[in-house]
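Enquirer: Have a look at this fold, sequence not included:
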């Protein structure tokens, strides 16, 4: 195991070129790789033949990493990504041996982008390996493709989770400015920030603060609203809520939304707010 550092002025853009690395030796098995200098781009390539311990992309590297048509494919147990340069992009696919193993991914920033639909970091898992956990503190990130993603902790930034993701068990939103979820999830804990669920079913949605918006046609088996706002007003197609308990906060929606309630929503605290738009819904409680 060794630490391999990308040169500030590399010979070319290829990951595998030995002279691009301090010491003139390309990364080897179990190495810790650090890319944290210079403005040179790094070309997309398949480097999964070398199993790294970690790969770190730091704020002092301002070049793009790979392209939308040619990603950088890495085999690593850990991925750390931080960037601050505007319009800097990275397209990275990760695995950890390709045998249902986990890749720990920590993202602290990506820099902003010129387009709201172009994220700074495009991240995917590959070969049945899982991104677990994903810990994000800032930046503009999308997780796409047929990735396997298990646990997500978001503390800031904008995160978009694509439609083809599988295995998503838990999302803890602690303050994302934008968190768009386009796939099914077992449990979402909405603590702060903004969440919009676009597609797929959710087994349990716990809302403690911030705003959660429901736009999905999938079934919501249970929601527990303790604080913040749960907004159903964006619903445009039929969906089902099996059980809902309002302990606090605000439940918001428009009369006539295409909602099927399996059981009445329970208002369990007189201080909670259920807006008049819900006059067409069935609310079960003495605290209406």
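Expert: Thanks, I have the structure now. Since this is a predicted model, take the numbers as computed values, not measurements.

Enquirer: in the stretch 101-250 of the chain, what spans have low per-residue confidence?
Expert: Within the stretch 101-250 of the chain, the ranges that satisfy pLDDT under 70 run 113-118.

Enquirer: hmm, 90 instead?
Expert: Scanning the stretch 101-250 of the chain for pLDDT under 90 picks out 111-119, 127, 145-146, 233-238.

Enquirer: which residues of it fall in helices?
Expert: Using DSSP state H, counting those that start in this stretch, no helices are found in the stretch 101-250 of the chain.

Enquirer: Is the residue nearest the centre of the chain bridged to anything, and to what?
Expert: The centre of the chain sits closest to residue 159, judged by CA atoms, centre = their mean, with a distance of 4.6 Å. Per DSSP bridges, the residues bridged to residue 159 are residue 141, residue 179.

Enquirer: contacting residues for it?
Expert: Contact analysis of residue 159 by CB atoms under 8 Å, 6 or more residues apart in numbering lists 136, 141-143, 152, 176, 178-180. Every residue, glycine included, has its C-beta placed from N, CA and C.

Enquirer: Distance check, it against residue 196.
Expert: 11 Å (CB to CB, to the nearest Å).

Enquirer: Please enumerate the shared neighbours of those two.
Expert: With CB under 8 Å, 6+ apart as the test, residue 159 and residue 196 both reach 178-180.

Enquirer: picking that back up, so the residue nearest to the centre of the chain versus residue 31, what's the distance?
Expert: Residue 159 is 29 Å from residue 31, where distance means CB to CB.

Enquirer: quick one: residue 6 and residue 39 touch, right?
Expert: No. Taking contacts as CB atoms under 8 Å, residue 6 lies outside contact range of residue 39: 11.6 Å.

Enquirer: Need the overlap of contacts for those two.
Expert: residue 61.

Enquirer: Between these two, which is the more surrounded one?
Expert: residue 6 (23 against 13; other CB atoms under 10 Å).

Enquirer: Leaving out chain neighbours, which residue sits closest to that one?
Expert: residue 35 (4.2 Å; CB to CB, 6 or more residues apart in numbering).

Enquirer: In contact with that neighbour, which residues?
Expert: Residue 35 neighbours (CB under 8 Å, 6+ apart): 5-6, 42, 55-58, 61, 65.

Enquirer: In CSV, list the residues you listed along with distance to residue 208 and pLDDT.
Expert: Formatted as CSV, the contacts of residue 35 follow (distance: CB to CB, whole Å; pLDDT from 0 to 100):
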residue, distance to residue 208, pLDDT
5, 42, 98
6, 42, 98
42, 40, 98
55, 34, 98
56, 33, 98
57, 33, 97
58, 34, 96
61, 37, 96
65, 36, 96
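
Enquirer: Out of the residues you listed, which is nearest to residue 131?
Expert: Of all those, residue 131 sits closest to residue 55, with 13.4 Å by CB to CB.

Enquirer: right, and the closest one touches residue 73 too?
Expert: No. Taking CB under 8 Å as the definition, residue 55 is not a contact partner of residue 73, at 11.3 Å.

Enquirer: Between the two, which is the more surrounded one?
Expert: Per other CB under 10 Å, whichever of residue 55 and residue 73 has more neighbours is residue 55, with 25 against 21.
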